[in-house]
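Asks: predicted coordinates and the sequence they were generated for:
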Amino acid sequence: MIHYIIKYFVTIPRNNLTKTISILLLLAASSSSLAQETLFQAIEHAKIYKQSERHFTPFELVTGTSKSQIDTTIVSGKLTRTSYIIPVEFEPSNIVNNYKHQLTELGAEILFECQHGSCNNVKEIQKTIKPLNHIPKSNPALISAKVQLKNKLIYVSAMSVNWQKEASLQLDIIEMIDEPLNLISVNKSYLSSAIEHKTFKDNTHKDESNSSDHPMLARLPGAYIQDYQQYDFGQTKVFSDVIKGQHKVISLEGRITDINYQLPRTYSEYEVNANYHAALTELGFIKTYGCTSTHCGKSRHIKKRIDSLAHIGSDESQFYTLYTLSRPEGNVYAMTYIIGFESGLWTEVKLIEETALINDRVSIDLDALSDKLAQTGHVALDGLLFKFDSDEMLPEAKAVIDVVAQYLTAHPQQQFYVIGHTDDQGKQSYNQVLSDKRAQAVVKQLTQNHGIAKKQLTAKGVGEYSPIGNNTNDVGKKQNRRVELVLRSDSK
């Protein structure tokens, strides 16, 4: 640019020398962000508000306006943008007229100009130009011009507006250049090399204590178990459709294994979903429902309605699928729910194996209950079962309650503690509350439905703190999930 200025300078008549130098300084400054301060030497107290430069980009140059539309021409090249803050005493029309004067002296072609009301819709113009300072909007003045120099073609867009505190000028200079297509180098040897799949370190040491993969389905490499629930017999919820944001929730019961894996973020949600689909299909499962993204509804609603272990992430990243495996000994249902965000990814795998309720646990009769209390002063109420993660009794528990009620009615002077117990799965504070609620539920059934005096029974939950079995295996966990009747020593 400087080379052109010097060459152009020697051909100028002496009487136009001062004016031409001013014009050339304008254009030289327009092509260099380092010289932008010289643009407004004639305007006192003008300050640069913001600058930006693009190596190569398309720019919408305004070429006409009406009340209904803005006409534009796309020009592409090196773009230098400068936004100035100017004292409010300078009118936008006067600022732009100075540019028009200088551009005309240089022989520029004025492509479009407008001032005040002739600019029609200033909001639409600003949406098109996207000035770096978008606060001022009053008294618009705009000029678009084309300047053909000896060695280059330049487009100029100058828009000035003001408000009660200041005026602003958005100056855009587009230097026409061929689009640079040599920015990227190519490694042709990559085309002949084998694809290297990413490897993942083993993270099983991060698994939640006493958790494990389901024997039917291994985890993805690099995954670890963040949340884990398993019940030999319980009830859980899944959904089989989403209609206008409402989930069609269904309850399933049987042996439940619910695992929430945290995965390396290098996996995509699509890749995880595709892998589980392939594995379950190979096992003979049939996909009965599936949804993705916002079609699955809001993740917070899924968490609330089916108590999903996986729930952190954006609604757009969701993949949910429900599968069924039909077999003579009972169906198996599999739910996979994948959700994540930029920095994290989770997949929940819930397997429900239909099994018949083992109802021979109701082994207590009146004689056995009496004998046990007489011998030890306490008895575990085998068969007193509750719904999964709830203090609501299953229908099978009624027979046990009836036997206990018979004994209490026959021994009205005896007083008992009703003690609730849990295994050690989940948080201790939660287990404490759940065991207490279950003990209270037993007392409520006996006092309200069987007329047992309230003074005979005191409910107390002790959570996981008094196990009688090994919490590391299913048999021991079942033994620990119990309610006991304990004879008070002060009432024997």
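Replies: All right, it came through fine.

Asks: can we go C-alpha only for contacts and neighbour counts from here?
Replies: Will do.

Asks: ok, A368 to A380 distance?
Replies: A368 sits 11 Å away from A380, going by Cα to Cα, to the nearest Å.

Asks: tell me the secondary structure for the closest residue to Y99 other than its chain neighbours?
Replies: The shortest distance from Y99 to any non-neighbouring residue, by Cα to Cα, 6 or more residues apart in numbering, is to A158 (7.7 Å). When classified by DSSP: H, G, I helix; E, B strand; the rest coil, A158 comes out as strand.

Asks: how deep is A158 tucked in, by neighbour count?
Replies: A158 has 23 neighbouring residues, counting by other Cα atoms under 10 Å.

Asks: my read: it touches I143, true?
Replies: Yes - assessed by Cα atoms under 8 Å, A158 is found in contact with I143 at 5.4 Å.

Asks: which residues are common contacts for these two?
Replies: V96 (Cα atoms under 8 Å, 6 or more residues apart in numbering).

Asks: okay, now the domains of this protein?
Replies: According to automatic domain parsing, the chain comprises the domains 2-176, 204-353, 359-491.

Asks: now these in TSV, with distance to N187 and mean pLDDT?
Replies: Output for the domains of the chain, formatted as TSV (distance: least, Cα to Cα, whole Å; pLDDT from 0 to 100):
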stretch	distance to N187	mean pLDDT
domain 2-176	24	81
domain 204-353	24	94
domain 359-491	53	84
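
Asks: contacting residues for the residue lying closest to S370 once chain neighbours are set aside?
Replies: Nearest residue to S370, sequence neighbours excluded (Cα to Cα, 6+ apart): Y407, at 7.3 Å. Contact analysis of Y407 by Cα under 8 Å, 6+ apart lists L366, L369, S370.

Asks: ok, how many other residues are close to the residue nearest to the first one when sequence neighbours are not counted?
Replies: Spatially, and ignoring its direct neighbours in sequence, L366 is nearest to V403 (5.7 Å; Cα to Cα, 6+ apart). Counted with other Cα under 10 Å, residues neighbouring V403 total 17.

Asks: V403 - that's part of a helix, no?
Replies: Yes - assignment of V403 by three-state DSSP places it within a helix.

Asks: isn't it right next to S370, touching?
Replies: No - V403 is beyond contact range of S370, at 10.2 Å (criterion: Cα under 8 Å).

Asks: ok so V186 is a helix residue?
Replies: No - counting by three-state DSSP, V186 is not found in a helix; it is coil.

Asks: could you pull up phi and psi at it?
Replies: Here is the backbone geometry of V186 (degrees, to the nearest 10): phi -120, psi 130.

Asks: what's the pLDDT at it?
Replies: V186 carries a pLDDT value of 84.

Asks: starting at the chain centroid, how far to stretch 453-472?
Replies: With Cα atoms, centre = their mean, to the nearest Å as the basis, stretch 453-472 stands 41 Å off its chain's centre.

Asks: going forward, count from 681.
Replies: In the new count, where the first residue is 681, that last one comes out as stretch 1133-1152.

Asks: give the buried residues for that stretch.
Replies: For stretch 1133-1152, burial by neighbour count (16 or more other Cα atoms under 10 Å) applies to 1133, 1136-1144, 1147, 1149, 1151.
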